[in-house]
Each structure stands twice: as C-alpha cells, then as structure tokens.
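Colleague: dropping the sequence and predicted coords here.
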Amino acid sequence: MKQDVYYISVRDLVLWTENPRDPVDLKADDQDIVNRALEDRQFKWSLSKLAREMGDYYDYSELPTVVYEGGRPVVFDGNRRIILAKIKLGIVAVPKGFNLKLPSVEDELPCNVCDRKVALANVYRKHSESGSWQPLERDIFLYKFMGEEKSSFLILEEDTGIITANPHLNKRFVKEEVFKGDSLKQLGFSIKSGKLRSIHSDVDAKKIFLDLSRKIASGDLNTRNNRGKVVEILDPELQRLIDHNRSNKLHSSKIRFDTSKKVDKSKNLSRRSTRIVRQLFGGKLYLQKGYVSDLYRDISDLYEFYNSRKDKLSPSFPGIIRMSLRLLCETAAKECKKPVDFYLKDNFDAAKKLLDQDIKTTLSGQNVAKESMMQLLHTGAHSYQSTSNLDQTIALSIAVGAILTVSHGRSE
C-alpha cells in the first residue's frame, strides 16, 4: 500500500478517461476531456464553482492521486483541479470568450503517486458516500473496478438506457425502492441472468417505464408521496394492462430509450444554474475567526445533516435552515455595528461582483435581490411552512455567503 508524494509537470499529467464522473472514449485525449468538462452537458463538472472555491491560488490541501500506466502519470482523482491548471498554463485550449478567474499554479504539482489498487480504493472511499457520485456512477465503479457483480440498476440501464435518458431517475430512492426486484416484479419485469425480462410487449413495456418516469419527475412518487405504490401510481389503463398480462411468460426485453438528447443551454440557463449550485452558501467560506464563522459552520453542519437524512425528515426541514440564515445575518450586522437591513444593502453590490453570471441568474430566478433579501429573511424567521423551498433557500444562502465574504472574509 505504498504511496509517495512527487512533483510532476502539469503538462505530463494525463486526465483519466474512465473517470466515473463522466467517462469518455478510451482514445480521448486531454483536450477531448476538457471540452467535455467545459460543455458540462450533464452538470457534473462545475469548473467555475471549483475555481471560485479555490480562490487566488491552487489549493494543495488535497493532492491529485496519480498512477503510472504505460509510463504515463494518469490522474485517477483530482481531474477537475488538473483541468484548471492545464487551462491556466495554456496547455489546453478553451473556447473564444471563455471567461473564468483561475487560481495561480506552478508548472509542477505535488501528487500522491501509488499503484492502481490503492488509487481505486482511495477514489471509492472519497467519492462513494460523499454525494459527488450518483447511484449509477457508483454501481459502474463497483462493477468495473472493484470486482462486484452488476446491480439490477446497472443492468436496467445497460439494457434500456432509461437512466441516461431520464437523469431524474438516477437517485438512491429510485434504485433501492422503485427499480428493485420486488417492485419490478409488480410491474411485470425481472432481472434474470444479467438481462431485463418482461411479461409485456416492448411497446407496452416502454409505456409503463415512461409513465413511471413521469410520475417520479413530477413528485407523484417519491419518499413522501405514494411510497411503495409503483403500480397504483400509474395511469389506470396501464394498471389494467399489467393485470391483463400477468399470465404471460417472461421474455427478453429489447426496449431502448433515446440517450442522445442534447440540452439547449441557452434555453435552460436558470435550470442549469440551479442544478450546479446545490451546496449551501455556494461552497466553503473562509471567514475570520469568531461568532460569525462559528455560526456559519454550525449551519453548514445542519445542512449536511439534512442531506444525509432527508428521506427521514419532514419536507419543511429546509425552513429551519432558512431561519438560521436570518440569525447569521443579524450576528454579522451586529459585529459591523449596523442594522441588519443596512448591512445587507451596503454589502450586496460588492458581494454580487464575487459571483459568476450563472450564479447571478440563479439568484434572479429565485427572486434574491438587494431589495428582497431582508423580506426573504424576515419571512424565514416567522413562517416555517412557507420557507421549505430548498432552491430558494440555497440561492439566498449564496447571497448571504458572498456578503459574509465581503464583511468577514479571511485575508490570506
């Protein structure tokens, strides 16, 4: 299990084509991977957010994990950081008009060099439960690199493409409660010998899956609504179809879903921004030591608790987080010896300059503005039920985080 730290030229480092975040063709080169990361069609890379979190200089607190394969240093973990370094040093090309504030970086970077087995174990330990991988990515990694059998979730995807075609299905709840063995059996499907089998014709099978997907997308079927009712939630005619086909024998299913759909970013910018920024405060803040910093960390921990237990918590739980933002702003305003409304308005314009255009669009889409912030915080402190909108709470927290960075940011 030997691991050593070596300085390696950024130019020599090779991006991993099999990165579970977004695997590409094995023949792809670094430029191909960078292009894919910049396009970010599935919203998995978020390079601008990482660059903003790193600040003015390259963060050495987490070293890239590197394995020498065929004499080349391949980056198994830390590909996003290496992409930023390659862009900053001009090693890879970026589109015209590409505007991103990048951290300064040296030509050589310290890397954790180890063998493939150790690297894979490190990657799995770091990402499997952190939320950076979705269930499908985790299952692919376990099968491809850790020697485990294919899960039913992975088999279903390989045979139909349904999860890639409908990304909202790539959830733990869907994997563990909707596409598990007994639920599939209720619907008239089964996974046998590594293949999907069905009692329905391919046309009818696709109708059932599509309706189920729509019910999950709309929220009609989730951990709070109609939990476990995978058949009962379907349109009545499909329920009757399933009952009618019960006596049919299982046979191989050959249904496929269209996985080639492209996202029109110009038409879906607000949706893209919301999906990219799912962290409270938009990421880690670096604040001066004191009550404000302590309270900020407590609220961040509360949000982490919510993320780890959301299946067991009430849908109104985000309202508690929303209320805590008011307390945080009041504490910061008191230290600045200003009324909280003046504190927010006086720092809002400077804070907004710290945010990229995608984030600004997100804030606008959630009605978070200089004139509305105080009212949003006031509502959060007095109306538990009306503040359970998580997207707006996150957007509000991003604005609060930027304001705190202006007033209480730690100088390096």
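Modeller: Structure received.
Colleague: can you pull out the low-pLDDT segments for the stretch 151-300 of the chain?
Modeller: 259-278 (pLDDT under 70).
Colleague: where exactly do the helices run in the stretch 1-150 of the chain?
Modeller: 30-39, 47-54, 79-88, 116-127, 135-145 (DSSP state H, counting those that start in this stretch).
Colleague: mean pLDDT for these: which is lowest?
Modeller: Out of the helices of the stretch 1-150 of the chain, the stretch the model trusts least by mean pLDDT is helix 47-54, with a mean of 82.
Colleague: ok and that one relative to helix 30-39, angle-wise?
Modeller: Put simply, helix 47-54 runs at 90 degrees to helix 30-39, going by axes from the mean of the first three to the mean of the last three CA atoms, to 10 degrees.
Colleague: output the contacting helices and strands for helix 47-54.
Modeller: Judged by 3 or more CB pairs under 8 Å, 6 or more residues apart in numbering; DSSP states H and E, helix 47-54 is in contact with helix 79-88. Placement of C-beta: from N, CA and C, glycine included.
Colleague: any chance of the helices of the stretch 1-150 of the chain in TSV, with distance to K284 and mean neighbour count too?
Modeller: Listed next are the helices of the stretch 1-150 of the chain as TSV, based on distance: least, CB to CB, whole Å; neighbours: other CB atoms under 10 Å:
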stretch	distance to K284	mean neighbour count
helix 30-39	21	19
helix 47-54	6	18
helix 79-88	15	23
helix 116-127	16	16
helix 135-145	23	19
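Colleague: E237: which of the ones you listed is closest?
Modeller: Comparing these by their distance to E237 (CB to CB), the top pick is helix 135-145, with 30.0 Å.
Colleague: so which residues make contact with the closest one?
Modeller: Applying CB atoms under 8 Å, 6 or more residues apart in numbering, the contact partners of helix 135-145 are 18, 20-21, 23, 120, 123-124, 128, 133, 148-151, 153-154, 157, 163, 170-172, 174-175.
Colleague: now swap in stretch 151-171 and tell me
Modeller: By CB under 8 Å, 6+ apart, the residues outside stretch 151-171 that reach it are 42, 134-136, 139-140, 142-143, 150, 175, 179-181, 184, 191, 194-196, 209, 213, 216-217, 253, 255-259, 261.
Colleague: what do you get if the cut-off is 7 Å, keeping everything else the same?
Modeller: Identification of contacts with stretch 151-171 by CB atoms under 7 Å, 6 or more residues apart in numbering yields 42, 134-136, 139-140, 143, 175, 179-181, 191, 194-196, 209, 213, 216-217, 253, 255-259.
Colleague: returning to that earlier point: wait, which of the helices of the stretch 1-150 of the chain is closest to A332?
Modeller: helix 47-54 (20.5 Å).
Colleague: ok, residues contacting the closest one?
Modeller: Residues outside helix 47-54 that contact it (CB under 7 Å, 6+ apart): 37-38, 80, 83-84, 100-103, 276-277, 283-284, 356, 358.
Colleague: what do you get for stretch 173-193?
Modeller: Stretch 173-193 has contacts (CB under 7 Å, 6+ apart) with 135, 152-153, 155-156, 196-200, 208, 216, 222-223, 228, 230-231, 242, 245, 250, 311.
Colleague: swap the cut-off to 6 Å and go again
Modeller: Here stretch 173-193 makes contact (CB atoms under 6 Å, 6 or more residues apart in numbering) with 135, 152-153, 155-156, 197-200, 223, 230-231, 242, 245, 250.
Colleague: quick check on those residues: which are buried?
Modeller: Neighbour counting by 16 or more other CB atoms under 10 Å classes 135, 152-153, 155-156, 197-200, 230-231, 242, 245 among the contacts of stretch 173-193 as buried.
Colleague: closest to F348 out of those?
Modeller: The closest of the buried ones among the contacts of stretch 173-193, once distances to F348 are taken by CB to CB, is P135, at 38.8 Å.
Colleague: how near is G181 to S193?
Modeller: Using CB to CB, to the nearest Å, G181 is found at 14 Å from S193.
Colleague: of the two, which one has the most company?
Modeller: In this view G181 and S193 are compared by other CB atoms under 10 Å, and G181 has more residues nearby, 11 against 7.
Colleague: how close does the more buried one sit to D107?
Modeller: Using CB to CB, we find G181 at a distance of 53 Å from D107.
Colleague: okay, now the domains of the chain?
Modeller: 3-132, 137-252, 269-408 (automatic domain parsing).
Colleague: end-to-end on the shortest one?
Modeller: The first and last residues of domain 137-252 sit 25 Å apart, counting by CA to CA, to the nearest Å.
Colleague: for stretch 403-412, which outside residues touch it?
Modeller: Here stretch 403-412 makes contact (CB under 6 Å, 6+ apart) with 286-288, 292, 332, 336, 347, 350-351.
Colleague: buried ones among those?
Modeller: Looks like those have 287, 292, 332, 336, 347, 351 buried, using 16+ other CB under 10 Å.
Colleague: out of the residues you listed, who's nearest T65?
Modeller: Proximity of the buried ones among the contacts of stretch 403-412 to T65 (CB to CB) peaks at L287, which lies at 29.6 Å.
Colleague: residue contacts, that closest one?
Modeller: Contacts for L287 (CB under 6 Å, 6+ apart) come out as 293, 408, 410.
Colleague: got JSON lines for those, with distance to N389 and secondary structure too?
Modeller: Listed next are those as JSON lines, based on distance: CB to CB, whole Å; DSSP: H, G, I helix; E, B strand; the rest coil:
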{"residue": "S293", "distance to N389": "27", "secondary structure": "helix"}
{"residue": "H408", "distance to N389": "27", "secondary structure": "helix"}
{"residue": "R410", "distance to N389": "31", "secondary structure": "coil"}
